[in-house]
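S.K.: return atomic coordinates for the entry below.
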Amino acid sequence: MAKLVVKSERPTLMVDPCDLEKDLTGKVAIVTGANCGIGFVTALQLARQGATVVMACRNVEAGKKAAAGAQEELEGKGMLEVRHLDLASLGSIRTFVPMLLEYHERIDMLVNNAGVMNTRKGRTKDGFETQIGINHLGHFMLTALLLDRIKLSAPSRIVNLSSSYHVATPAGPSRIDLEDIHFKNKKYNGWAAYGQSKLANVLHAKGLAKRLEGTGVTAVSAHPGFVRTNLIRHTVPLIGTFLQNTILRPILARWMGQIEPWEGTQSTLHCLLNDDVVNHPGAFYSQVGGYTDKEVNGGWPMDSPNPQANDEEFCDLFWDLSEELVKLRIDLTQGEN
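M.R.: Got it, this is the predicted structure:
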């Protein structure tokens, strides 16, 4: 079972060691945004256990460099395969999926990990607000196009990387405005847009769980914790990587409970590998820390404190809107052609 480990006055939920010894030989996993941070660490751990892992990256060169550096450690156990995927482009997703399906007869695990945080106001190639476009709509379409193959590979799992900020951000409580998710009619706030996109990840997992009942596919969402990754580059872009690592990182680690990437993978790996997760479809799994309400402290799983995350009718409305935006009707009664 998972255990709570205390390091430097900071409690951290850690995966059951037995789950990290499971043989994943023959399994295929897809991890988006796997060229760095917790995405890469997740991909590497799955490969260590024997899985073939498709690292779906916008920056292919960075992905190839990371994969090449890990090959010796793998010792032929698993495989890291780098493929180009730009979640800011529905066209890129439509190109990626057929190529993937041609090479892989099964998909046992899909980790919707890639994301951006607190970006300046912008639009994706399809006109979506940047954060809802990349963090949610790109993954929504990717998952939809892969669902038939994922169902054929059951028992299989889908994990959406969300955040404690799906509850509240420095901008206030997180919520989704169905009438204006692209901030066309209200003043743009990067944190509000980020919170909206992370709430979308939770709702997506709940919507999947409802629609995939009885298929053997388990969909959940997870908060990795306040992790040291390059997501912070959008929040403090002016101070540079060197100053972030030498000055800001120790401050965040000491005063805000920032954790290392390996610790940040624990929620994801638990969701992918632990046997009990199948008993909690649509659930939210949270690493300790990162909540503005100090009485909320994580759990595997835990109830989201956000009312919209627990509103089934709202979840269905948001699912319908997501389908409309990506122009894709998801019929889960049909199999692969």
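
S.K.: thought L80 was touching A43?
M.R.: Yes - when contacts are counted by Cβ atoms under 8 Å, L80 is listed as touching A43 (6.2 Å). Heads up, the C-betas are built off the backbone N, CA and C, glycines and all.

S.K.: who touches both of those two?
M.R.: Both L80 and A43 are in contact with V53, M55, where contact means Cβ atoms under 8 Å, 6 or more residues apart in numbering.

S.K.: where's V217 relative to R211, distance?
M.R.: Using Cβ to Cβ, to the nearest Å, we find V217 at a distance of 10 Å from R211.

S.K.: R94: what's it in contact with?
M.R.: R94 makes contact with L145, according to Cβ under 8 Å, 6+ apart.

S.K.: against S164, how distant is it?
M.R.: When Cβ to Cβ is the yardstick, R94 and S164 sit 33 Å from each other.

S.K.: right, and the helix or strand after the lowest-mean-pLDDT helix or strand in the chain?
M.R.: Of all helical and strand segments in the chain, the minimum by mean pLDDT, DSSP states H and E falls on helix 249-255, at a mean of 47. Past helix 249-255, heading to the C-terminal end, the next element that is a helix or strand (DSSP states H and E) is helix 261-264.

S.K.: quick check: mean pLDDT of that next one?
M.R.: Along helix 261-264, the predicted confidence averages to a pLDDT of 94.

S.K.: how far does whatever helix or strand T95 lives in sit from the chain's center?
M.R.: With secondary structure defined by DSSP H and E, T95 is part of helix 90-103. With Cα atoms, centre = their mean, to the nearest Å as the basis, helix 90-103 stands 19 Å off its chain's centre.

S.K.: equivalent analysis for stretch 150-166, please.
M.R.: 8 Å.

S.K.: buried ones in that stretch?
M.R.: 150-153, 156-166 (16 or more other Cβ atoms under 10 Å).

S.K.: which one of the residues you listed is nearest to M109?
M.R.: Proximity to M109 was ranked across those by Cβ to Cβ; first place goes to R157, at 5.4 Å.

S.K.: hang on, that closest one packs against S221?
M.R.: No - applying Cβ under 8 Å as the test, R157 and S221 come out as separate, 11.8 Å apart.

S.K.: can you give me the strands in the stretch 101-250 of the chain?
M.R.: All strands of the stretch 101-250 of the chain, identified by DSSP state E, counting those that start in this stretch, fall at 109-112, 156-161, 168-169, 172-173, 217-223.

S.K.: now distance to E295 and mean pLDDT too, for the ones you listed, in CSV please.
M.R.: Formatted as CSV, the entries for the strands of the stretch 101-250 of the chain read as follows, by distance: least, Cβ to Cβ, whole Å; pLDDT from 0 to 100:
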stretch, distance to E295, mean pLDDT
strand 109-112, 29, 98
strand 156-161, 24, 98
strand 168-169, 13, 94
strand 172-173, 15, 96
strand 217-223, 16, 98
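
S.K.: need those strands in TSV with distance to Y194, can you?
M.R.: Shown next, in TSV, are the strands of the stretch 101-250 of the chain (distance: least, Cβ to Cβ, whole Å):
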stretch	distance to Y194
strand 109-112	16
strand 156-161	13
strand 168-169	6
strand 172-173	12
strand 217-223	13
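
S.K.: could you list the low-pLDDT ranges of the chain?
M.R.: Residues of the chain that meet the criterion pLDDT under 70 lie in 1-10, 229-257, 333-337.

S.K.: name the nearest residue to the residue nearest the centre of it, sequence neighbours excluded.
M.R.: Closest residue to the average C-alpha location of the chain: L161 at 2.4 Å, with Cα atoms, centre = their mean. By the measure of Cβ to Cβ, 6 or more residues apart in numbering, the closest residue to L161 outside its immediate chain neighbours is N113, 4.7 Å from it.

S.K.: could I get the phi/psi values of the one you found?
M.R.: Backbone torsions for N113, taken as degrees, to the nearest 10, come to phi -100, psi -30.

S.K.: need the contact list for it.
M.R.: Taking Cβ under 8 Å, 6+ apart, we find N113 in contact with V31, T32, G33, A34, I38, G39, T42, L161, T268.
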